[in-house]
Each structure stands twice: as structure tokens, then as C-alpha cells.
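Asks: Need the 3D shape of this:
(chains A and B, ligands or ions: 2)
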Amino acid sequence: MNNEFNYSVVILGSTSGIVRATAHAYAEAGYALVLAARDDEENKILAADIRVRYGVTCHALHFDGADAASHPKFVTDCEAALGTNPTGLILGFGYMAEQEKAQRDVTEVQAMVDVNLTGAISILERFAAVFEERGSGFMGVLSSVAGERGKQSNYIYGATKAGLTCYLEGLRVRLFKANVTVTTIQPGFVDTKMTYGLPLPGPLVATPEQAGRAIFKAVSKGQDEAYVLFFWRYIMLIIKAIPRWQFKKMSM
Amino acid sequence: MAEAIMQQTLSGWGGMNSEVCDMFRPEKRRALSELIQCKHSDSLIARGLGRSYGDTAVNGGSAVVDTTRLDRMLGFDPDEGLLECEAGVSLADIIDVFLPRGYFVPVTPGTKFVTVGGAIANDVHGKNHHVDGTFCEFVESFTLLIPSGEVLTCSRDENEDVFWATAGGVGLTGIILTARIRLMAVESAYITADYTQCTHLDSALEAMAATDENYQYSVAWVDCLAKGKNLGRSVLMQGNHTPAAELSGTHAAAPFAVKGGLPKMVPFNCPSFVLNPLSIQAFNTVFYAAHGTCTGKIVDYDQYFYPLDAVNHWNRLYGKSGFAQFQATLPFESKAGLVTILERLAKSRRASFLAVLKTFGEQNPGLLSHPMKGYTLTLDVPNRPGLTLFLHELDKILLDHGGRLYLAKDAVATPETIAAMYPRLDEFRAIQKRLDPKGVLSSSMARRLGLVG
Ligand SMILES: Cc1cc2nc3c(=O)[nH]c(=O)nc-3n(C[C@H](O)[C@H](O)[C@H](O)COP(=O)(O)OP(=O)(O)OC[C@H]3O[C@@H](n4cnc5c(N)ncnc54)[C@H](O)[C@@H]3O)c2cc1C
Ligand SMILES: NC(=O)c1ccc[n+]([C@@H]2O[C@H](COP(=O)([O-])OP(=O)(O)OC[C@H]3O[C@@H](n4cnc5c(N)ncnc54)[C@H](OP(=O)(O)O)[C@@H]3O)[C@@H](O)[C@H]2O)c1
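Replies: Residues are numbered from 1 along each chain as shown, chains lettered A, B, ... in the order given. Ligands and ions are numbered 1, 2, ... in the order given. Sure, this is the predicted structure:
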């Protein structure tokens, strides 16, 4: 596919199942890519796969979301690899510890905060500065419906995602003036290693490919928020409408 | 991080004899090295897209590794048509990516929803076996993870014995990680097909013998319910890839474009009376009548190779109790065996609407690779009471005529039958034992047929 406009995208957390499929949607549309992950060995395999399938430029760069100190250098590494700053980014890394383990062990809580909140904010601020100055760009960030309402089964993870969603709300307002879109992506259930083996209701579970295509579409349109798949908007409307006195009696 | 486990009831494509297995579905290659240490269970087996009919990719009470997320393409050399990819890549994926560039898979079974790993582990064949041989003949090399944790590169020059034990070795020599496959250059996405009606088995076999060499692809559909003077009445379907110059109109402008509809879905198991002998007979009669002799018909690759893929989960048509697939391969000199089997099938009225006859070319060195020079007949048999006895009866006829069953299809044979059909089984066992001294690799089929040990 030709790329006459030199569109490019940085994909943060490329070893995630959802993000891999999202990267494929960008490659199919002809974007040049930087895949960023902490697992270099896998990241190289994923980049090769994209090059073979779509014939686009695809770099694999090392990136650790939890290592905020390394983030400024990562931004310059991307520029060096692409020869210019990227058009936009997708952020999909995230960490979900087992709820019961996190209740007992504060290091697990810390790990989720470090990745889902501190790490995400750190790297987004670096790119926000670049996009703001340029006056263009897009950001698609994976939060979670788990951040919309605290559930017994994963409220600590949910709290970090709620924080992320709130952060994105404000960032969107700030960057709107600079012509930069910020899309908060709210995946429901997606069939990845994060959910494999969990007893989820089959019809509500999206394939990573469905999720990836939906994310590409929503971010391309510059949507503020996107439920993936779309019907989660309605499910969440209902869940959010349940009164607290009743919600606390439910085993969710 | 430890891989997540999912307890799942698994069976082969035929849906018979499901068993609960511990499923893993790693998304990273490294995870396989951990899994093969088998800390979670007694044994493990790899699984691709589960298109084998019987229990080759099932491991009751133990571990099964779903490889479909390890499906990355790693490199392509357009001069040689050489693709390097992970074993979880499907043939459907390869066609999607490479047909627009002028390459097709060199060998394909009757469904494109099989993985490269599955295609090697069963050394699958297609309608072109009589000229091109099996899938593994287009595999330059593969890498194999064995229980010691070592990764062996296997080719005709390196670890050759392991190469030919793994080709058709139903997953028991290790987990195939990656493979280098020679794709086939084609000029279009179309096949030029000739259809010939044959009123009797004899005329079908004669027509094949006389004309197969003119076609890359050849297969006959056989009506297994026809008896007496109609025994083995067939429609012979032979074809070649259509050269670009022979396409006209919109096809000529876009020789690799095929507009495919979305597959229809069989949503749940149908009551088994949907496929009773009467409905099958009606289907067969209509099919036979509808395919009069005609030549030079241009059809797209999906219609030609994968008519069944147009209906997702067509296997559910057979109902909850499922079905067996019977594939019998006999040397050319055993035509009498083929006749006996067809007569037995017609009499039993157990056969189904899917019976396919073709000729195989030379056998390759794969120790358990199925194809050998001769005829091969394939059909579905719905699971009704007495199925096992009936199939054992057919197995015996087959054995008496020097024939063999295909492990990708079998669900009920006995260890003695398979040992008699595969004279190199002991050689296979010796290599298997060397690679897997602790017996980590196993499957329901391996235990049923005593393939290892
Ligand atoms: C409609 C239909 C038509 C068919 N037509 C034909 C035909 O024309 N010719 C033919 O030859 N076959 C045919 N088959 C059978 C099919 O091609 C084979 O069963 C094939 O092996 C299925 O591949 P799979 O990916 O589904 O593997 P599975 O069925 O999941 O597994 C098959 C075997 O491969 C092993 N395996 C899978 N991946 C690996 C790996 N990475 N490493 C090591 N071992 C592995 C498994 O352990 C198992 O032993 C047909 C099947 C169907 C459903
Ligand atoms: N699956 C769902 O149903 C679902 C639902 C709602 C929201 N989400 C969100 O969607 C995103 C993707 O999830 P997924 O389902 O695709 O799960 P996944 O496959 O487990 O992906 C998680 C990803 O985050 C990466 N990661 C974790 N810590 C990191 C760090 N310090 N630095 C860099 N990368 C790090 C992981 O990299 P490694 O490979 O190195 O571990 C992995 O790629 C996550 O943000 C998740 O919270 C998922």
C-alpha cells in the first residue's frame, strides 16, 4: 500500500493481543509503524510479521512503560527511526494483577499504578508536548470498562483505569486547542491472554481482530470515546444505572 | 508469568468422543519452552485448528497447546517463493497474503482452515498428489522444540530422520515452531475445470488413469449409495490453474481478485435426522445430475478447493453424536478391495454425501506419512449404533487388500490394525523415544493406537 502522506504511528505495548490487531489495521491502511514493547524478542517477531504481510516500514523499539526515566529518550528514538515525529500513537500496555493477590500484597497494587497510571501518563505527556507544538496528532489509549464502576472482582485494577480515563478527559481538553485528538478506548471483553480461561459470556467476547478494526476506526474519526465493541456502551449505561444499594448486593 | 489454563471439552472435527483437556494458548513463542517441561500435567500435545477428524489433537485429562496465536510470518523471498512462518499460520492466511502477489499454497486439503503445523504433522495431501506429492515435499526445513528444551532445525540435510518422523508424526516428536515453505507461483486466482460424468466405478478409474497426467488437480465425487450397474458412479473433476491470458472481462483486469461472500453458519447441532439416507440419496442424485460433462469451466479457488468452507461448522449437520471419516488408500493392484468396500458401503446405507476418490502418486520417506501409490477413497459415516463394528469391518477389508487408514481421519481403529498398515511404525517409535525419553508428548490417539512407548 502506498503511503504518500507519510502517516506513521507508534504502538505502545505491541505484544498485547488487542494492540497487535490494532497495529495490523494501521499497517493495512499503509501507515509506517514503530512497535514498542519491553519484550524485545517477541517485538522483533511481531515487526517482521507486519513487514511480510503488509509490506510497510515497521521498526521494533525497546520500551518499558514502568520506567518513566527512559521515556524522553524513547521519544527521540522514535523520531530517529521514522525520520520524523509520528503522526499519532496507540497506547495499549496495561497490567492486571489478580484481585485477591492485590488485596494482600501492596507491591501488586504498586505495579498496576506504575504501569497503568504513572507509566501511561509519563509517556503520553512526552508525546503530548511534541504533538501540541506541531499542532496535529492523534492518541488512542486503551482504558477499560472496569474503570467505569468498581466491581468486587477487579476494583483495584479498575481504580487505575478510572484514573487513566479521568486523566485522558483532561488531556483531551488541553490538546483540543492544538488540533490533537485523544480517544479513550473502553474495551469490554476481548479474547486475549488477559482473559483466557476466565468464565466469560461467549457472545460478549470480541476477537482481537474485531477490536483492532474498531479501535482503528474510532481513532481515525477522532472520536472522544469508543466502546469496543460498540454494544458495551449500552451494557455500561445499564450497569452505571444500577443504584448503589442494589449494586453492593450483586456478585459482580 | 505462568500461562493461563482453560479446562475445555475437546474432540476432533468429527465431534465423537469428546474429552476434557487442559488447554493452553500461548501468545509468545518462549512460553512453549516452559509448557513442554510439562509441570502442569503428565503429557501434552500441540493442536492447530482442530480440523483432524479423530483424536490426534486431543489429550484427555492432560495438556493441549493451542498454537493458533503463534501465527506470525517471519520472512518472504519472492525469487524463490520461500515463506518462513510460525506453525500456527493458517493456509487461509497464506492465501490471503500471497495470492494477490501471485502465489498459492503448493498443497491444500479440502479446507483452508488448517495450520502449517497441522499440515506438516499429518503430511497432508491435496487434489494434486498424483503430480506434486504431499505438503512436506514443499517444506524446505522446520524448527522443532523437543522436550529437552532444545530446538532442532530439520531438513533433508540436517536431522533428516527427525524431519521424516515429524512429517505425518501427529505431533508426537515435538512442537513445530517455524517452517520454510516453497509457495507455488500462479497467474490467477482461478481454476479451469473439466467435469466428466462416469456411470460406473470402472469408467471413473479408466478416465483417471487415462487423463490425470494432463491435470494438476484431479478428484472424483462418488455416489456411495449407488449399487449394481451404477456402483461407484461418479463425477470426475479435473483442473489446472488458469493462465492470466485465458481470463476475460473483469477477471482479466484483476486476475487475483475473488469476491467472496461471508460464510454461512450452522449455528448449533442439527438433529441427526437431517442427514438420513433418504436426504443423502436425494442430494447425491441431484449433484450427479447437476454436473453433466462439461469442459473449460472457470471457477475461483474457493469454489474449486473449498466448497465446504462456505458453510462454517458444517460438521454440526451431523448432530450431537458426530460422525467418523473413513479414508481408505489401496495400491492400484487392489481394485477388488475398492469394489468390496464400495459394495459394503452401498449395502449398509451408512455412507454420506461426501465420498471422494482420487489417485495418489509416489510415497515419500515420511515414516507415518499416509499417501502411497494407489487409490484413495474418503467419506463421512454418521455416528449411529454399530459404527465402530462397521468401521472395523471396513478396516479389515482394507488390511486384507494391502491398504491403509489415515491418522488425520481415524477415530476408532485398533493398535494392531495401524501397526500392520504402517510397517515403519517401529522406526518411528525409536526416534520418538530418543527425542522424548520421559514420554512427555502424548495424545488420546497415541494412547489408543499405542503409537509411542
Ligand atoms: C473439510 C476437511 C477437508 C479435509 N481434506 C483433507 C485432504 O484433502 N487431505 C488431507 O490430507 N487432509 C484433509 N483434511 C484433514 C486436515 O487437513 C488435517 O487433519 C490437518 O492436519 C488439520 O490441521 P489443523 O491445523 O486443524 O491441525 P489439528 O487437527 O489441530 O492437529 C493435527 C495434528 O497436527 C499436530 N500439530 C498441530 N500443530 C502442531 C505443531 N505446531 N507442532 C507439532 N504438531 C502439531 C497435532 O498434534 C495433531 O497431531 C480435511 C479436513 C477437513 C475438516
Ligand atoms: N482483554 C480484555 O478483555 C480487556 C478489557 C478491558 C481493557 N483491556 C486493556 O487493553 C489493553 C491490552 O490488553 P490485552 O487484553 O491485549 O492484554 P495483554 O495481551 O495481557 O496485554 C497487556 C500488555 O501490556 C504490556 N505491558 C505490561 N506491563 C508493561 C510495561 N511495564 N511496559 C511495557 N508494556 C507492558 C504487556 O507486555 P508484556 O508482553 O511484556 O507482558 C502486554 O503487551 C490493556 O491496557 C488492558 O488493560 C483489556
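
Asks: Please make it C-alpha for all contacts and neighbour counts, starting now.
Replies: Noted.

Asks: For residue B:117, which residues are in contact?
Replies: Contacts were defined as CA atoms under 8 Å, 6 or more residues apart in numbering or on different chains; by that measure residue B:117 touches B:48, B:87, B:88, B:89, B:176, B:177.

Asks: ok, and of those residues, which contact ligand 1?
Replies: Filtering the contacts of residue B:117 for neighbours of ligand 1 using CA under 6 Å from any ligand atom leaves B:48, B:87, B:176, B:177.

Asks: Reformat the residues you listed into CSV and put neighbour count next to each item.
Replies: Listed next are those as CSV, based on neighbours: other CA atoms under 10 Å in any protein chain shown:
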residue, neighbour count
B:48, 24
B:87, 29
B:176, 26
B:177, 23
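
Asks: Out of these, which sit inside strands?
Replies: Per DSSP state E, strands hold the following members of those: B:176, B:177.

Asks: Identify, from the ones next to ligand 1 among the contacts of residue B:117, the entry nearest to ligand 2.
Replies: Using CA to the nearest ligand atom, the shortest approach to ligand 2 within these belongs to residue B:177, at 18.8 Å.

Asks: Tell me how far the closest one lies from chain A.
Replies: Relative to chain A, residue B:177 is positioned 12 Å away (criterion: CA to the nearest CA, to the nearest Å).

Asks: is it true that that residue touches residue B:145?
Replies: Yes: between residue B:177 and residue B:145 there is a contact under CA atoms under 8 Å: 6.7 Å.

Asks: Stretch B:287-307 vs ligand 1: in contact?
Replies: No: residues of stretch B:287-307 contacting ligand 1 under CA under 6 Å from any ligand atom: none, with a closest distance of 7.7 Å.

Asks: From one end of that stretch to the other, what's the distance?
Replies: End-to-end distance of stretch B:287-307: 13 Å, with CA to CA, to the nearest Å as the criterion.

Asks: Same check on stretch B:380-387?
Replies: Taking CA to CA, stretch B:380-387 runs 11 Å from one end to the other.

Asks: can you check stretch B:63-82 too?
Replies: Rule used - CA to CA; the end-to-end distance of stretch B:63-82 is 33 Å.

Asks: hmm, it in reach of ligand 2?
Replies: No: judged by CA under 6 Å from any ligand atom, stretch B:63-82 stays clear of ligand 2, getting no closer than 11.2 Å.

Asks: Just checking the distance from that stretch to the centre of its chain.
Replies: Relative to its parent chain, stretch B:63-82 has a centroid offset of 19 Å by CA atoms, centre = their mean, to the nearest Å.

Asks: Give the buried residues for it.
Replies: Of the residues in stretch B:63-82, those with enough neighbours to count as buried (16 or more other CA atoms under 10 Å in any protein chain shown) are B:63-76, B:81-82.

Asks: Show residues contacting stretch B:416-429.
Replies: Residues outside stretch B:416-429 that contact it (CA under 8 Å, 6+ apart) are B:165, B:169, B:367-368, B:395-396, B:399, B:402-405, B:449, B:451-453.

Asks: Could you list which of these also contact ligand 2?
Replies: Near ligand 2, judged by CA under 6 Å from any ligand atom, there are no entries from these.

Asks: Skipping its backbone neighbours, what lies nearest residue 116 in space?
Replies: Just going to use chain A. Among residues not flanking residue A:116 along the chain, residue A:94 sits closest, at 5.3 Å (CA to CA, 6 or more residues apart in numbering or on different chains).

Asks: Oops, wrong one, chain B.
Replies: Here the nearest residue to residue B:116 in space, its sequence neighbours aside, is residue B:87; by CA to CA, 6+ apart that works out to 4.9 Å.

Asks: Could you do residue A:175 as well?
Replies: What sits nearest to residue A:175 in space, not counting adjacent residues and going by CA to CA, 6+ apart, is residue A:132, at 6.4 Å.

Asks: wait, residue A:180 sits on residue A:134?
Replies: No: with contacts defined as CA under 8 Å, residue A:180 does not count as touching residue A:134, sitting 9.3 Å away.

Asks: Compare these two and say which is more crowded by neighbours.
Replies: Applying other CA atoms under 10 Å in any protein chain shown to residue A:180 and residue A:134 shows that residue A:180 carries more neighbours, namely 24 against 14.

Asks: For residue A:80, see how far away the more buried one is.
Replies: Using CA to CA, one obtains 22 Å as the distance from residue A:180 to residue A:80.

Asks: Please apply the same query to residue A:119.
Replies: Here the criterion is CA to CA. By it, residue A:119 lies 22 Å from residue A:80.

Asks: residues touching the closest residue to ligand 1 within chain A, list them.
Replies: Distances from chain A to ligand 1, computed as CA to the nearest ligand atom, single out residue A:45 as the nearest residue at 16.6 Å. Shown in contact with residue A:45 (CA under 8 Å, 6+ apart): B:72, B:74.

Asks: Could you do residue A:61 as well?
Replies: Listed by CA under 8 Å, 6+ apart, the contact set of residue A:61 reads A:34, A:35, A:36, A:37, A:40, A:43, A:77, A:78.

Asks: where's the last one, which helix or strand?
Replies: Using DSSP states H and E, residue A:78 sits within helix A:71-82.

Asks: residues near residue B:227, how many?
Replies: 17.

Asks: on that earlier part again, state the pair within the buried residues of stretch B:63-82 that is farthest apart.
Replies: The two members of these with the most space between them (CA to CA) are B:63 and B:81, at 35.9 Å.

Asks: For the stretch 1-150 of chain A, just list every one of the helices.
Replies: Secondary structure of the stretch 1-150 of chain A (DSSP state H, counting those that start in this stretch): helices located at A:17-28, A:40-54, A:71-82, A:99-104, A:106-112, A:120-134.

Asks: Residue B:349 and chain A, how far apart?
Replies: Residue B:349 sits 39 Å away from chain A when distances are taken as CA to the nearest CA.

Asks: That residue is in contact with residue B:223, isn't it?
Replies: No: look at residue B:349 against residue B:223 with CA under 8 Å: they stay out of range, at 11.3 Å.

Asks: Could you list the residues in contact with stretch B:288-304?
Replies: Stretch B:288-304 is touched from outside by B:189-197, B:234-235, B:242, B:258, with contacts defined as CA under 8 Å, 6+ apart.

Asks: what's the burial count for the nearest residue to residue B:171 once chain neighbours are set aside?
Replies: Sequence neighbours aside, residue B:121 is the residue nearest to residue B:171 in space, at 5.6 Å (criterion: CA to CA, 6+ apart). The criterion is other CA under 10 Å. On that basis, residue B:121 has 30 neighbouring residues.

Asks: show me what contacts residue B:121?
Replies: Under the criterion of CA under 8 Å, 6+ apart, the contact list for residue B:121 reads B:166, B:167, B:168, B:169, B:170, B:171.

Asks: The residues you listed: which two are farthest apart?
Replies: Distances among those were taken as CA to CA; the most separated pair is B:167 and B:171, at 9.1 Å.

Asks: Have a look at the two and say which one is more surrounded.
Replies: With neighbours defined as other CA under 10 Å, residue B:167 and residue B:171 compare such that residue B:167 has more, 30 against 26.

Asks: Could you report the pLDDT at that one?
Replies: We have a pLDDT of 98 for residue B:167.

Asks: ok, the helix holding residue A:78 near ligand 2 or not?
Replies: No: among the residues of helix A:71-82, none lie within reach of ligand 2 under CA under 6 Å from any ligand atom; the closest is 10.9 Å away.
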